[in-house]
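Engineer: please find the sequence and the predicted model below.
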Amino acid sequence: MAELIWNIDFSIAEWIDLHRIGWLDLFLSYWRNSLIWLPLYILGILFIWNNYTSAYKIILVIAFTVGLSDYVSSKIIKPQVKRPRPCHYTADQTHFDSVIVCGSGYSFPSSHASNHMALAQICFLIFNRKMH
């Protein structure tokens, strides 16, 4: 079963690599840059700081939650699963022609997805309670 999923994963990555759309490559690589999201995070911190009396506690809880998520996904799960990134090799072991830099290390689980899910969940739990 794992090999079937592996083959499907590589097939999808190869198909995407062969059927890229130039403007979409530029658009997505722009939005993939972590610095583009920095103003949004700063605005979120400023919003919390200006609207909640225990803002520093909320910000610390959010930072701890995201940090814990990053640690668990990067240092515990990835070394156990050892799933290489599909952008490193296709099924025939040739390198992808990637517009963006392919990260090093393992790919599963996605640390970006884990961290943003942790951020969304902790914000939902904190701010949903404050709204009622």
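Structural biologist: Sure thing, it's come through. Keep in mind that what you see is a predicted model, and the values were worked out from it rather than measured.
Engineer: next one: Leu46 from Ala55, what distance?
Structural biologist: 10 Å (C-beta to C-beta, to the nearest Å). The C-beta positions use only the backbone N, C-alpha and C, and glycine is treated the same way.
Engineer: next: Pro109.
Structural biologist: Taking C-beta to C-beta, one finds Pro109 at 30 Å from Ala55.
Engineer: and for Gly44?
Structural biologist: 11 Å.
Engineer: before we move on, back to that, please say which of Leu46 and Ala55 ends up with more neighbours.
Structural biologist: Ala55 (15 against 11; other C-beta atoms under 10 Å).
Engineer: please enumerate the helices of the chain.
Structural biologist: Using DSSP state H, the helices of the chain run over 2-18, 22-32, 38-51, 55-71, 78-81, 111-131.
Engineer: what is the orientation angle of the last one with helix 22-32?
Structural biologist: Spelled out, that is helix 111-131. 60 degrees (axes from the mean of the first three to the mean of the last three C-alpha atoms, to 10 degrees).
Engineer: how about helix 111-131 as CSV, C-alpha atoms only?
Structural biologist: Taking C-alpha atoms only, helix 111-131 is exported to CSV below (Å, rounded to 0.1, in the frame of the first residue of the first chain):
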residue,chain,number,x,y,z
SER,A,111,5.8,21.6,8.9
HIS,A,112,4.1,24.6,7.2
ALA,A,113,0.7,22.8,7.3
SER,A,114,1.2,21.6,10.9
ASN,A,115,2.3,25.0,12.1
HIS,A,116,-0.6,26.9,10.4
MET,A,117,-3.1,24.3,11.6
ALA,A,118,-1.8,24.7,15.2
LEU,A,119,-2.1,28.5,14.8
ALA,A,120,-5.6,28.3,13.4
GLN,A,121,-6.7,25.8,16.1
ILE,A,122,-5.3,27.8,19.1
CYS,A,123,-6.7,31.0,17.7
PHE,A,124,-10.1,29.4,17.3
LEU,A,125,-10.0,28.1,20.9
ILE,A,126,-8.8,31.4,22.4
PHE,A,127,-11.0,33.8,20.4
ASN,A,128,-14.1,31.7,20.1
ARG,A,129,-14.3,31.6,23.9
LYS,A,130,-13.7,35.4,24.1
MET,A,131,-16.6,36.0,21.7
